[in-house]
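Asks: Structure for this input, please:
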Amino acid sequence: MNRKANRKSPIAMIVSISIVILIAILGSIYYKFEVAQSATEEKSVEPTELENEETQNKTNETEEPVKPQDENVDDLASSEQNGENPSANSGEQPIKQPAQETPPATEEVALENGYIVGQKPATEPTFVKGVLIANKKNPLPATYNKGENPKARAAFEKMAKAAMENGIELVAFSGFRSYEYQQTLYDRYVKRDGKEAADRYSARPGYSEHQTGLAFDIGEKGREDLWLTNEFGDTEAGQWLAQNAHKYGFILRYPKGKEEITGFMHESWHFRYLEGELATKVFEAGVTLEEYLGIQ
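Replies: Numbers count the residues shown, from 1 in each chain. Purely as a prediction, here's the structure:
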């Protein structure tokens with residue numbers, strides 16, 4: 001009996017060991033299965049998270065263009081303040097301009113006593129709205145020599161007749177001057193008073209209204225001592241002329257306080273002829289010819 005039991009015990013031990021090994025193998029297989037299953041579940045979760053992230057990113061991308069729209073609103077407000085009207089661009093969205101963009105600087109012209117430095121001689125006379133212009137920035141050609149304008153002379157004679165009815169005898173003591181004669185006068189004044197002073201009351205050759213044949217220096221007969229002086233403007237004749245000359249087509253060309261515009265000091269004796277009703281319009285506007293025509 002005991003011998004048999006002893007003989008079986010190794011077998012039992014082998015069986016027991018086999019069972020343990022089998023259980024271990026089964027346990028290992030089960031463990032690997034569980035790990036594989038968990039890995040499969042984890043992999044199935046990752047696309048969902050990625051999709052959520054992509055969806056969030058797409059949402060953010062659709063929100064980002066809102067900022068430029070806000071900037072366009074600021075640009076539109078800025079444009080309206082600057083007097084622009086972007087909405088008038090055929091219904092198109094306003095074109096955004098750089099915030100710091102500045103217009104190109106306008107080139108400054110060098111001046112000497114109102115004259116453009118280095119200005120080339122004129123080849124043609126300047127007309128603005130049909131009006132012949134001769135001033136410090138708009139010279140006449142040296143060859144412009146049409147003499148005294150007949151209409152201007154006729155208008156002066158008519159005005160002088162009206163003044164005579166008021167006991168005033170007007171005299172046009174200086175009218176048309178050629179380019180060459182103006183050169184002689186100007187050089188004389190420069191020699192006497194200096195260039196800066198002469199430029200205030202005498203035009204350089206080519207820049208004088210007298211060369212147009214439309215300007216007259218006017219005084220009163222018997223009061224020659226006041227010719228070419230602003231005291232003439234304080235006389236009865238000067239006052240009548242200042243108030244009535246426009247009715248006959250003449251304007252006081254160089255009024256008081258307008259030297260920066262006309263380029264010349266006040267001259268109570270210098271009158272310029274303008275055709276039609278233009279002289280009256282300029283007179284009633286209370287401005288110079290440059291201001292009325294919008295020129296320099």
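
Asks: where along the stretch 151-296 of the chain do the helices fall?
Replies: 179-193, 195-201, 236-244, 259-262, 278-285, 289-293 (DSSP state H, counting those that start in this stretch).

Asks: what's next to the longest one, contact-wise?
Replies: Read that as helix 179-193. For helix 179-193, the surrounding residues in contact (C-beta atoms under 8 Å, 6 or more residues apart in numbering) are 140, 142-145, 177, 197-198, 201-206, 208, 210-211. C-beta: built from backbone N, CA, C; applies to glycine.

Asks: The fourth one now?
Replies: Contact partners of helix 259-262, identified using C-beta under 8 Å, 6+ apart, comprise Asn135, Arg200, Arg253, Tyr254, Pro255, Met265, His266, Thr288, Leu289, Glu290, Glu291.

Asks: Let's test this: name the helix or strand in the chain with the lowest mean pLDDT.
Replies: Lowest by mean pLDDT, DSSP states H and E among the helices and strands of the chain is helix 66-81, with a mean of 37.

Asks: Which strands border whichever helix or strand comes after that one, and is each parallel or antiparallel?
Replies: Once the chain leaves helix 66-81, the next helix or strand it forms, by DSSP states H and E, is strand 111-112. Next to strand 111-112 in the sheet, as set by DSSP bridges, lie strand 115-116 (antiparallel).

Asks: who does the next helix or strand after the strand it pairs with touch, helix- and strand-wise?
Replies: Downstream of strand 115-116, the first helix or strand assigned by DSSP H and E is strand 126-128. Counting contacts by 3 or more C-beta pairs under 8 Å, 6 or more residues apart in numbering; DSSP states H and E, strand 126-128 packs against strand 131-133.

Asks: For the strand it packs on, buried residues please.
Replies: By neighbour count on 16 or more other C-beta atoms under 10 Å, the buried set for strand 131-133 is Val131, Leu132, Ile133.

Asks: Check what pLDDT the last one gets.
Replies: Pointing back at Ile133 there. According to the prediction, Ile133 has pLDDT 98.

Asks: From Glu259, how far out is the residue nearest to it when sequence neighbours are not counted?
Replies: Counting by C-beta to C-beta, 6 or more residues apart in numbering, the nearest residue to Ile133 once its immediate chain neighbours are dropped is Thr126, at 4.6 Å. Separation of Thr126 from Glu259 (C-beta to C-beta, to the nearest Å): 21 Å.
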